[in-house]
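In: heads up, no residue letters with this:
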């Protein structure tokens, strides 16, 4: 059974057709859109500030989304994939973004539309990305444009696949 916990009079508000794995943790001032998924061992902890997710956001296994008390809320747009064991903290992620496995996005960052943050990359505090690029490394730097093949073949494909995978799990419950 997932842990869905109220804190400071705030309870997670979830959209339609969300999938929540049995050991996912959702806390506090969290709002999600439709067709979102929260996978095994993921934690979305909106205890010290708000976290807002758009539609078709997948929070993959072991990923953590948090915020910073009285400073940085977290806002995530539509069609966003948060890869396995990624950390997203007190930042803004626009539409059509892929955050790679093990990547870290720190306080005050803005990840623009059509961006891929490569696996293992670290976006240091306050970084603002340019739309349509891949960022990689520590600290993350812009390395090349996201072409149509990566936009459709990665960003859109992964987001759509996670809606499909969630359907497999929702239909077996």
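Out: Great, that's in hand. For clarity, every value in this text was computed on a predicted model and none was experimentally measured.

In: can we go C-alpha only for contacts and neighbour counts from here?
Out: OK.

In: got the contact list for the top helix by length along the chain?
Out: When the chain is scanned for its longest helix (criterion: DSSP state H), the result is helix 157-171. Outside helix 157-171, the residues that touch it by CA atoms under 8 Å, 6 or more residues apart in numbering are 18, 19, 35, 36, 37, 56, 57, 58, 79, 80, 81.

In: give the buried residues for the helix or strand where residue 48 lies.
Out: Counting by DSSP states H and E, the element that carries residue 48 is strand 43-53. Of the residues in strand 43-53, 43, 44, 45, 46, 47, 48, 49, 50, 51, 52, 53 count as buried by neighbour count, 16 or more other CA atoms under 10 Å.

In: my read: the last one touches residue 31, true?
Out: By that I understand residue 53. Yes - using CA atoms under 8 Å, residue 53 is in contact with residue 31, at 6.1 Å.

In: anything in contact with each of the two?
Out: What both residue 53 and residue 31 touch, as defined by CA under 8 Å, 6+ apart, is an empty set.

In: pull the helix or strand with minimum mean pLDDT from the chain.
Out: The least trusted helix or strand in the chain, going by mean pLDDT, DSSP states H and E, turns out to be helix 148-150, with a mean of 91.

In: surely residue 1 touches residue 23?
Out: Yes - Residue 1 sits in contact with residue 23 when judged by CA under 8 Å, with a separation of 6.3 Å.

In: compare these two and say which is more crowded by neighbours.
Out: Legend: neighbour count by other CA atoms under 10 Å for residue 1 and residue 23, higher for residue 23 (17 against 9).

In: chain neighbours aside, what residue packs nearest to the more buried one?
Out: Using CA to CA, 6 or more residues apart in numbering and skipping the chain neighbours, the partner closest in space to residue 23 is residue 2 (4.9 Å).

In: OK, contacts around that neighbour?
Out: By CA under 8 Å, 6+ apart, the residues touching residue 2 are 20, 21, 22, 23, 24, 25, 26.

In: who wins for most neighbours among these?
Out: residue 26 (26 neighbours).

In: please name the bridge partners of it.
Out: With DSSP bridges applied, residue 26 shows beta-bridge pairing to residue 4, residue 44.
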